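1. Sequence and predicted structure are below.
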Amino acid sequence: MNILIVDDNVPVVNGIKKALKWEKLSIEHTFQAFSMEQAQEVLQRETIDLLVSDIEMPGGSGLDLIEWINREEICCVAVILSSFADFQYAKKAISLGVAEYLLKPVESEELEHAILKAEKLVPAKREQIERQKIQTTSDAIQKMKQYIDEHLSQEISRKELADFAGFNQEYLSTLFKKETGDTLGEYIQKKRLSMAEKLLAQTNLPISLISQNCGYETLSYFSTVFRQKMGISPREYRKQCTKEK
């Protein structure tokens, strides 16, 4: 496992690195940071399983850092080292899911025990993060599908969907294809044709109006696309449905 030690006091970080028996703790690599910003850079660059962090730091507290870790769905179990016996700090830390809240100065054995406890929580945290990512993906896809359904009569661009869902365009396209089996363009066309089929079969609305409300710029383009996918024209499809009733 990899561990990140965060404290704005350099001697504290060095002291922790020297005092603990890393082999006993199954720690492969030890990283360090002296501010929230530096810690974020490390967490974005490296795979960090465990975090030992101070609370009071310039530019953002250890609690702010853990909130960010949780928000970014990073699989990292935290141990807090604080100089303050503050109930509100401890309460907030527990609500954020830290493994231990320890007060400085701390004995090396007590810190080792806390890190061992945190190590045991890593597999469960990984499973939790994986479930969260699956749910987040599912929610995002469902959100995009609903948006498409509600805007079928309008032009729907990839940028528009990406902005709505909060993803960059390339990631959005890759994610959508992976989860649905269709590209965004293919899915939108299927939904438009499906809506057109229902309107042709179940209403006597003019075909030109159906074309317009299904997002096609011209009746001729709608007829061409419909014939390519269905094998017959919209008018022929309506006649066929009428005979079957």
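-> Looks like it came in fine. Numbers count the residues shown, from 1 in each chain.
2. alpha carbons only for contacts and neighbour counts from here, please
-> Fine.
3. Please read off the pLDDT at the residue nearest to Arg158 when sequence neighbours are not counted from the model.
-> Leaving aside its chain neighbours, Arg158 sits nearest to Gln169 (6.4 Å; criterion: CA to CA, 6 or more residues apart in numbering). In this model, Gln169 is scored at 89, pLDDT.
4. where in the chain is pLDDT low?
-> For the chain, the stretches flagged by pLDDT under 70 are 244-245.
5. how about a cut-off of 80?
-> By pLDDT under 80, the low-scoring segments of the chain are 243-245.
6. Can you spell out which helices and strands pack onto the longest helix along the chain?
-> Counting by DSSP state H, the longest helix found in the chain is helix 108-150. Applying 3 or more CA pairs under 8 Å, 6 or more residues apart in numbering; DSSP states H and E, one finds that helix 108-150 makes contact with strand 50-53, strand 77-82, strand 100-103, helix 158-165.
7. For the helix or strand containing Lys239, which outside residues touch it?
-> Per DSSP states H and E, Lys239 falls inside helix 234-244. The contact list for helix 234-244, computed with CA atoms under 8 Å, 6 or more residues apart in numbering, reads Leu200, Ala201, Ile207, Ser223, Phe226, Arg227.
8. cool, stretch 47-67 as well?
-> 1-8, 34-37, 39-40, 75-83, 92-93, 96, 115, 118-119, 122.
9. Just the buried ones from these?
-> Buried members of these, scored by 16 or more other CA atoms under 10 Å, are 2-8, 34-36, 39, 75-82, 93, 96, 115, 118-119, 122.
10. May I have the phi/psi pair for Pro58?
-> phi -70, psi 140 (degrees, to the nearest 10).
11. what distance separates the start and the end of stretch 73-86?
-> Start-to-end span of stretch 73-86 (CA to CA, to the nearest Å) is 27 Å.
12. Next one: Gly231 from Arg158, what distance?
-> Applying CA to CA, the value for Gly231 to Arg158 is 28 Å.
13. what distance separates the helix holding Lys239 from the centre of its chain?
-> On the basis of CA atoms, centre = their mean, to the nearest Å, helix 234-244 sits 45 Å off its chain's mean C-alpha point.
14. Any buried residues in it, and which?
-> Residues of helix 234-244 classed as buried: Pro234, Tyr237, Arg238 (neighbour count, 16+ other CA under 10 Å).
15. Can you classify Glu23 by secondary structure?
-> Three-state call for Glu23 (DSSP: H, G, I helix; E, B strand; the rest coil): coil.
16. mind checking how far it is from Val79?
-> From Glu23 across to Val79, the span is 19 Å (CA to CA).
17. Doesn't Ala201 belong to a strand?
-> No: using three-state DSSP, the secondary structure at Ala201 is helix, not a strand.
18. And for it, the neighbour number?
-> Around Ala201 there are 19 other residues, counting by other CA atoms under 10 Å.
19. so who does Ala196 touch?
-> Ile210, Ser211, Cys214.
20. Cheers, nothing more for now.
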